[in-house]
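> sequence? don't have it. structure:
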């Protein structure tokens, strides 16, 4: 019985250590910048030896890569965005308007997490070109996600007639972008609720029929 519990405890401890390192990295990268933060700083903040970071992540670039991926997902579970419960539920909505409302709410939660790390990533790419190579360039994962939502939306009752999937995907991609979220919420001081209401109303006007978008109020 004890043989079964020991590995579980070790795995749990390793998971907690990983989370502490990621949390420390996020705080320091956002506060001081990616270039100005070294792994010893992260180790000190997380309360671990710097060798532990090298063992768990390999190097600073790999640490940033996992930090971005985990921040987008909201946890360290290996579940793609398009398989996440909030995404699946939004796309299963009965009407185009219901889909927009649920999708904006779920995406806003992602944007809240991603927006701060987005600036870190931009600065990291500018200072270290090898960082950009950590993500594929042939396919934009965010556009793939938005395209999946667009395909579901145009087939719903209340969708704007003859709306092309690509145009719907582009509208979702641009209006629900981290850059636009940052402008409204961080630069102009909008609350999450105000942003979410504006995004929902704007997308509803573009993607839903007049009757469907009128129900948004």
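Arrived safely, thanks for sending. Not measured: the values here are computed from a predicted model.
> does the residue nearest the centre of the chain belong to a helix or a strand, and which?
With distances taken as Cα atoms, centre = their mean, residue 72 lies nearest the centre of the chain, 2.8 Å away. Applying DSSP states H and E as the criterion places residue 72 in helix 60-73.
> next SSE after that helix?
helix 85-91.
> and that following helix, what does it pack onto?
helix 96-127, helix 141-154 (3 or more Cβ pairs under 8 Å, 6 or more residues apart in numbering; DSSP states H and E). Backbone N, C-alpha and C define where each C-beta goes, glycine included.
> let me have these in TSV, adding distance to residue 133 and mean neighbour count as columns.
Converted to TSV, these look like this (distance: least, Cβ to Cβ, whole Å; neighbours: other Cβ atoms under 10 Å):
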stretch	distance to residue 133	mean neighbour count
helix 96-127	10	20
helix 141-154	15	19
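> considering these, which stretch scores lowest in mean pLDDT?
Of all the helices and strands packed on helix 85-91, mean pLDDT reaches its minimum on helix 96-127 (a mean of 88).
> that older thread, distance to residue 32 added to the helices and strands packed on helix 85-91, as JSON lines?
Shown next, in JSON lines, are the helices and strands packed on helix 85-91 (distance: least, Cβ to Cβ, whole Å):
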{"stretch": "helix 96-127", "distance to residue 32": "10"}
{"stretch": "helix 141-154", "distance to residue 32": "27"}
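> so which of these gets nearest residue 196?
helix 96-127 (4.9 Å; Cβ to Cβ).
> of all the helices and strands packed on helix 85-91, which one comes closest to residue 204?
With Cβ to Cβ as the criterion, residue 204 lies closest to helix 96-127 of the helices and strands packed on helix 85-91, at 5.3 Å.
> what stretches of the chain score poorly on pLDDT?
Residue ranges of the chain with pLDDT under 70: 1-7, 76-78, 136-139, 211-217.
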